[in-house]
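Next input, structure requested:
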Amino acid sequence: MSDSLMFNNDAYVLLETDRPEQILTPAEMFAKLQSVVIKFADDLPIDVRQISGTDAQVQYLLDTSCELDLVPGEYLQWYAVRLEK
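Below you'll find the model as predicted:
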């Protein structure tokens, strides 16, 4: 059984093509992914497209992924982090 602390996070580190690293709250990260899912709806991986609803797709990405290749040469990567031990 996995430790539930492993899934606790305070923030996300976001890396985007040609942009500096950002630290986002979970709500900000959700909103960022939500805008990306809406903008690139037809280009999402098939497992994400099969999920019904934008919010469910975003939650799936947060739970199972840490990267999206948007278009050739552009990417979005995120990593959950805890700010204190």
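
make it CA atoms for all contacts and neighbour counts henceforth
Will do.

Which helix or strand lies directly C-terminal to the helix or strand of the chain with the lowest mean pLDDT?
Each helix and strand of the chain was given a mean pLDDT (mean pLDDT, DSSP states H and E); the minimum falls on strand 67-69 at a mean of 90. Counting by DSSP states H and E, the next helix or strand C-terminal to strand 67-69 is strand 75-81.

Of all residues in this protein, which one is nearest the centre?
Nearest to the geometric centre of the chain sits residue 62, at 4.7 Å (C-alpha atoms, centre = their mean).

How about that one, nearest residue that isn't a chain neighbour?
residue 30 (7.9 Å; C-alpha to C-alpha, 6 or more residues apart in numbering).

do residue 25 as well
Nearest to residue 25 is residue 11, by C-alpha to C-alpha, 6+ apart, at 4.6 Å.

same check, this time on residue 69
residue 75 (4.5 Å).

check contacts around the one you found.
16-17, 67-69 (C-alpha atoms under 8 Å, 6 or more residues apart in numbering).

Those residues, buried ones only, as a ChimeraX selection?
Buried residues among these (16 or more other C-alpha atoms under 10 Å), as a ChimeraX selection:
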select :67,68
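
Make TSV from the contacts of residue 75 and add distance to residue 51 to it.
Output for the contacts of residue 75, formatted as TSV (distance: C-alpha to C-alpha, whole Å):
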residue	distance to residue 51
16	24
17	26
67	17
68	16
69	18
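
Looking at the contacts of residue 75, which one is closest to residue 82?
Closest approach to residue 82 among the contacts of residue 75 (C-alpha to C-alpha): residue 67, at 18.8 Å.

in terms of contact, does the closest one touch residue 74 like I think?
No: the criterion here is C-alpha atoms under 8 Å, and residue 67 misses it with residue 74 at 10.9 Å.

Next secondary structure element downstream of the top helix by length along the chain?
Longest helix in the chain, counting residues (DSSP state H): helix 26-39. The helix or strand immediately downstream of helix 26-39 is helix 46-49, counting by DSSP H and E.

Thanks again, I'm all set now.
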